[in-house]
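A.B. asks: fold the following for me, if possible:
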Amino acid sequence: MSARLGVFGAAVSALLVYGFSSPAASVAPAAKDAAATASARVDNFLLVDANFEAHELYRLGEFKAVVLVTQANGDAVMRSQAPALKALKAAYAAKGVEFMMLNSNLKDSREAILAEMTKAGYDTPVLMDSYQLVGEGLGVTRSAEVIVIDPKTWGVAYRGALSDPATAKALEALTAGHPVMATQASASNGAMIDFPARAKKMQITYVKDVAPILEAKCTACHSEGGIGPFAMKDYATVKGFSPMIRETIRTDRMPPFHSDPHVGKFSNDRRLTPDETKTLVHWIDQGAVRGEGADPLGVKHIVAVEWPLGKPDVVLDVPSYTIPATGVVDYQHPWVNNPLTAGRWLKASTIKVDSRQAVHHILTGFMDEAPKAGQPAFENRWGASVGSYAVGAESEVAPTDAGTYIPPGGAIGFQNHYTPFGKEVVTHSKIGLYFYKAGEVPDIVMHNNQIVNNAIVLPPYDGHHQEVAYMEFPKDALLYSAFPHAHYRATSSDLWIRYPDGKEKLLLTLPRYDFGWQGHYNFAEPIKIPAGSKLIAHYVYDNSKSNPHNPDPSKTVVWGDQSFEEMFFTRIRYRWMEETSKHLVNYDQDIGQGMLMGMLDSNIDGKIQKSELKPQSQIGGMLLKNWDALDKNHDGVIDKDELAVAMKMMGGRRRQETASAAPAAPKAAAASASTPAAGGK
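C.D. replies: Down below sits the predicted model:
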């Protein structure tokens, strides 16, 4: 995970690269004369389509034109022109034109949009403008209107009815590199789209409307000493940063909680509500008016607390490390003696770092025996985790009446990933541990594990490459949270459950994965996992030039620890239904035995075909090399039993390299019934 100071910093870079237009003049309303809108600049936005794929306008700079077609469900005009849209797309998509539809109709749900796409035969993604901010800015009034954007200037080059022949002429000009000539474009006669906020024109003020939202949703990070790059300390500061705030809201980078609101409910949801989102953007569009009265933020002097969960019971000092200004730093594996003289149940932890730019992540694991002086604390000796750190995920809190048992003695090992950022620094991190009272025993025992795929291979210049892996549960369980993780090239991630009867349900989706801000997604209600169910994760990677974070699109990318390499890693927290602190079980080993199959079986049929193995990956190449020896019955596939033989051939070395299973907990830590997040993040 990137140790950047939040994503507001990234927004600054975006503004410098792309420029910034006045919020009040986002784009001119619909007009018959194309020349009237030619100079209007369209501000950046990110919207998710009905199939949960994210589309950010300013990532489409490689195209010669971007076409938005307004759409509303049940519109007979738009339906009748679906063939014309298909023909237009067929004629110009290959010439460098990107086509998208825009649904700003408040009455249209995602499910209804999907049904409409099928009924009308749309083959173009329909972007869900659920908050109407994009449609408002574009001056949309009706369905079946075409808005053509020139990526060279992000200005509106043309707008008019989809049925107007002038639309094709505008695209012909842009694809040929010529300016669009002024023309009388006919207005759309599609269905009217209602924009309530446009009609109300309510005056929004900082004092009355905005400051309460900022205090509730933003100042925990954007405070003096907080993780945010600036403190929202008063009106003047907030107004000064208002263009950046608007940009990050419109592109869904802030607040940092990136699951799609259409899927699942989460107890740690930090998102703005629809009304809060519109209030902030409309306030900035109206000129960021202060309003009468005392400054609600200015009079409070909000300061970040040292320990957000309160004073810890125990504080561990992570051994300091000098991070060089440049170069690549291998993972560090220091350790400290466990200070506990009696076993305790851990209920929460916070890892506090003093250099967020340099500390990429910290993972931890209990060891029943301390290594010798100078020896590293490798993960194959770890048992229970006492916490982990990444930007945006600094504290871990167990559910009510749940915990992890930490025995006395032994040691706590660390896996520390540091990223040089141009300045040599010495980092001193601390871990605050919070225990149940002595003698107090929670009933629920939490487990950590991971759906991982280190056989991934990303082809060069591939802008939409998908990988999959799954984990099968041998016994009934309850899923409490998921933590998706990958690196710079990842663009989206999701998590499904496939029940024993074959039915599937989407549990979590991140349409735009954000490497700079990651964390746990805690389900508001734990998800029941019947025995025999599979948790299936997908990741989509953009290894093309259009990905502004891509270190090198010309490379074939495989699994690797460093951020310029790539990962597929979804950490999950769960409990076994039959287990209590007084009745411990050890089914994690059963999960571990099936994780290599879940990594390689991309079509999820319980067998591995040759076509599913990638010779560029280390494990894929090894299995292909020994295929004839492994396929004992010569049926052309490697089944579960044959794969078990392969795993024995690989031995413990291969197990550690693939991170296909979390290391077995040592006897002294087995009471925790928790496995560490093995493998690098």
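A.B. asks: on the three-state scheme, the most centrally placed residue in the chain is what?
C.D. replies: Per CA atoms, centre = their mean, the C-alpha nearest to the average position across the chain is that of Y513, at 2.9 Å. Assigned state for Y513: coil (three-state reduction, DSSP: H, G, I helix; E, B strand; the rest coil).
A.B. asks: next up, the contacts around it.
C.D. replies: H258, P484, A486, A490, T491, S492, S493, Y539 (CB atoms under 8 Å, 6 or more residues apart in numbering). (Each C-beta comes from the backbone N, C-alpha and C, glycine too.)
A.B. asks: swap in 7 Å and give it another go.
C.D. replies: Applying CB atoms under 7 Å, 6 or more residues apart in numbering, we find Y513 in contact with P484, A486, A490, T491, S492, S493.
A.B. asks: buried residues in stretch 108-120, which are they?
C.D. replies: D108, R110, I113, E116, M117, A120 (16 or more other CB atoms under 10 Å).
A.B. asks: from K265, how far off is the second one?
C.D. replies: If you measure R110 against K265 using CB to CB, to the nearest Å, the figure is 16 Å.
A.B. asks: and if you look at the fifth one?
C.D. replies: Applying CB to CB, the value for M117 to K265 is 26 Å.
A.B. asks: next, find the distance separating S617 from G636.
C.D. replies: 21 Å.
A.B. asks: which one of these two has more residues nearby?
C.D. replies: Using other CB atoms under 10 Å, the more surrounded residue of S617 and G636 is S617, with 21 against 10.
A.B. asks: what sits against that one?
C.D. replies: A455, V457, V558.
A.B. asks: can I get these in TSV including pLDDT and secondary structure?
C.D. replies: Below are those laid out as TSV (pLDDT from 0 to 100; DSSP: H, G, I helix; E, B strand; the rest coil):
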residue	pLDDT	secondary structure
A455	97	coil
V457	98	strand
V558	97	strand
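A.B. asks: closest to A646 among the residues you listed?
C.D. replies: Closest approach to A646 among the contacts of S617 (CB to CB): A455, at 13.2 Å.
A.B. asks: hang on, the earlier thing: buried subset of the contacts of Y513 as a ChimeraX selection?
C.D. replies: Under the burial definition 16+ other CB under 10 Å, those of those that qualify are selected in ChimeraX by:
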select :484,486,490,491,492,493
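A.B. asks: check the burial of S267 by counting its neighbours.
C.D. replies: Using other CB under 10 Å, S267 is surrounded by 14 other residues.
A.B. asks: from A348, how far out is it?
C.D. replies: 14 Å.
A.B. asks: how about A120: what's its closest non-neighbour residue?
C.D. replies: Leaving out its chain neighbours, the residue that sits closest to A120 by CB to CB, 6 or more residues apart in numbering is R79, at 4.6 Å.
A.B. asks: hang on, that neighbour packs against Y122?
C.D. replies: No - R79 is beyond contact range of Y122, at 9.0 Å (criterion: CB atoms under 7 Å).
A.B. asks: all helices for the stretch 1-150 of the chain, in order.
C.D. replies: Ranges of helices in the stretch 1-150 of the chain, per DSSP state H, counting those that start in this stretch, are 8-18, 34-37, 76-80, 82-92, 110-120, 133-138.
A.B. asks: tell me the pLDDT of L584.
C.D. replies: Note on L584: pLDDT of 91.
A.B. asks: what of the one 3 residues further on?
C.D. replies: If you check Y587, the pLDDT there is 94.
A.B. asks: same thing with the one 10 residues further on?
C.D. replies: If you check M597, the pLDDT there is 96.
A.B. asks: quick one: low-confidence parts of the chain?
C.D. replies: Along the chain, the parts satisfying pLDDT under 70 run over 1-39, 650-681.
A.B. asks: go again using 50 as the cut-off
C.D. replies: Flagging of the chain using pLDDT under 50 yields the residue ranges 1-39, 652-681.
A.B. asks: list the beta-bridge partners for the residue of it positioned farthest from its centre.
C.D. replies: In the chain, the residue that sits farthest from the middle, by CA atoms, centre = their mean, is Q184; the gap is 44.0 Å. Using DSSP bridges, the beta-bridge partners of Q184 come out as D33.
A.B. asks: with the buried residues of stretch 108-120 in mind, which one is nearest to L46?
C.D. replies: R110 (16.3 Å).
A.B. asks: is it correct that the closest one is in contact with H262?
C.D. replies: Yes - at 5.1 Å, R110 counts as touching H262 under the criterion of CB under 7 Å.
A.B. asks: which pair of the contacts of Y513 spans the longest distance?
C.D. replies: Using CB to CB, these span at most 11.7 Å, a distance reached by P484 and T491.
A.B. asks: would you list the buried residues of stretch 108-120 in TSV and tack on distance to K625?
C.D. replies: Shown next, in TSV, are these (distance: CB to CB, whole Å):
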residue	distance to K625
D108	53
R110	46
I113	48
E116	50
M117	45
A120	51
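A.B. asks: max pairwise distance over these: which two?
C.D. replies: R110 and A120 (15.7 Å).
A.B. asks: for G620, what are its contacts?
C.D. replies: By CB under 7 Å, 6+ apart, the contact list for G620 reads A455, L613, K614.
A.B. asks: ok, and the closest non-adjacent residue to the first one?
C.D. replies: Right, the one you point to is A455. The shortest distance from A455 to any non-neighbouring residue, by CB to CB, 6+ apart, is to S617 (4.2 Å).
A.B. asks: and the gap between the one you found and V558?
C.D. replies: For S617, the distance to V558 equals 6 Å [CB to CB].
A.B. asks: who touches both of those two?
C.D. replies: Residues touching both S617 and V558 (CB under 7 Å, 6+ apart) are V457.
A.B. asks: tell me how many other residues crowd the closest residue to H465 other than its chain neighbours.
C.D. replies: Once flanking residues are discounted, H465 sits nearest to Y541: 4.7 Å by CB to CB, 6+ apart. Neighbours of Y541 under the rule other CB under 10 Å: 27.
A.B. asks: for the stretch 201-350 of the chain, what spans make up the strands?
C.D. replies: Applying DSSP state E, counting those that start in this stretch to the stretch 201-350 of the chain gives strands spanning 314-317, 321-323, 335-337, 344-352.
A.B. asks: related to what we said a few turns ago, the residue farthest from the centre of the chain and V77, how far apart?
C.D. replies: Going from Q184 to V77 by CB to CB gives 20 Å.
A.B. asks: identify each buried residue in stretch 175-191, please.
C.D. replies: Across stretch 175-191, burial judged by 16+ other CB under 10 Å covers T175, V180, T183, A185, S188, G190, A191.
A.B. asks: try stretch 118-133
C.D. replies: Using 16+ other CB under 10 Å as the test for burial, stretch 118-133 gives A120, Y122, T124, P125, V126, L127, M128, D129, S130, Y131, Q132, L133.
A.B. asks: roughly how far apart are the residue nearest to H465 and G463?
C.D. replies: For Y541, the distance to G463 - CB to CB - is 9 Å.
A.B. asks: do the same with F257
C.D. replies: As judged by CB to CB, F257 and G463 stand 26 Å apart.
A.B. asks: what does A197 give?
C.D. replies: Distance, A197 to G463, by CB to CB: 35 Å.
A.B. asks: now do the contacts for the closest residue to W307 other than its chain neighbours.
C.D. replies: Spatial nearest neighbour of W307, chain neighbours left out: G432 (5.4 Å); criterion: CB to CB, 6+ apart. Contacts for G432 (CB under 7 Å, 6+ apart) come out as W307, P312, V315, S349, T350, K352.
A.B. asks: ok, now with 8 Å
C.D. replies: Going by CB under 8 Å, 6+ apart, G432 touches W307, L309, P312, V314, V315, S349, T350, I351, K352.
A.B. asks: for the third one, grab phi and psi.
C.D. replies: Read it as P312. Taking degrees, to the nearest 10, you get phi -70, psi 160 for the backbone angles of P312.
A.B. asks: show me what contacts it?
C.D. replies: Counted by CB under 8 Å, 6+ apart, P312 has contacts T350, G432, L433, Y434.
A.B. asks: so the closest residue to it other than its chain neighbours: helix, strand or coil?
C.D. replies: Spatial nearest neighbour of P312, chain neighbours left out: G432 (3.1 Å); criterion: CB to CB, 6+ apart. Assigned with three-state DSSP, G432 falls in the strand class.
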